[in-house]
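> I would like to see how this sequence folds:
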Amino acid sequence: MDYAAHFVRDPTICAGETVFRGTRVLLRAVLADLADGASNQEILTDFPSLTEEQVRAAIAFAATAARDDMPVPAIASAR
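Reported below is the predicted structural model:
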């Protein structure tokens, strides 16, 4: 999924924080709700300007960020 197409950072919108394109909904707000256990449907109810595809884009972003930012543990060599 090309999640980047769903987000925008513009200094004139929400002080430059990442929002969903065409909204003022902060990406970090949706990610925080997901982390707190909110379902996709609960998020769509709380943020009616979002689409289900945008929520999936937030999840894809988080998955990519976790893959890119998590350190890879060293593998102990067998001796």
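> what segments of this protein are helices?
Ranges of helices within the chain are 27-35, 40-46, 52-69, based on DSSP state H.
> may I have the second one exported as CSV, CA atoms only?
The reference is to helix 40-46. Extracted in CSV, the C-alpha atoms of helix 40-46 (Å, rounded to 0.1, in the frame of the first residue of the first chain):
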residue,chain,number,x,y,z
ASN,A,40,-11.2,0.6,12.9
GLN,A,41,-14.9,1.2,13.2
GLU,A,42,-14.5,3.2,16.5
ILE,A,43,-11.9,5.4,14.8
LEU,A,44,-14.2,6.0,11.8
THR,A,45,-16.9,6.9,14.2
ASP,A,46,-14.6,9.3,16.2
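> what does it contact?
Residues from elsewhere that reach helix 40-46 (Cβ atoms under 8 Å, 6 or more residues apart in numbering): Val30, Asp33, Leu34, Ala38, Leu50, Thr51, Glu52, Val55, Arg56. Backbone N, C-alpha and C define where each C-beta goes, glycine included.
> what about 6 Å?
Identification of contacts with helix 40-46 by Cβ atoms under 6 Å, 6 or more residues apart in numbering yields Val30, Asp33, Leu50, Val55.
> quick check: the two most widely separated of these?
Greatest spatial distance in these: Asp33 and Leu50, 10.9 Å, computed using Cβ to Cβ.
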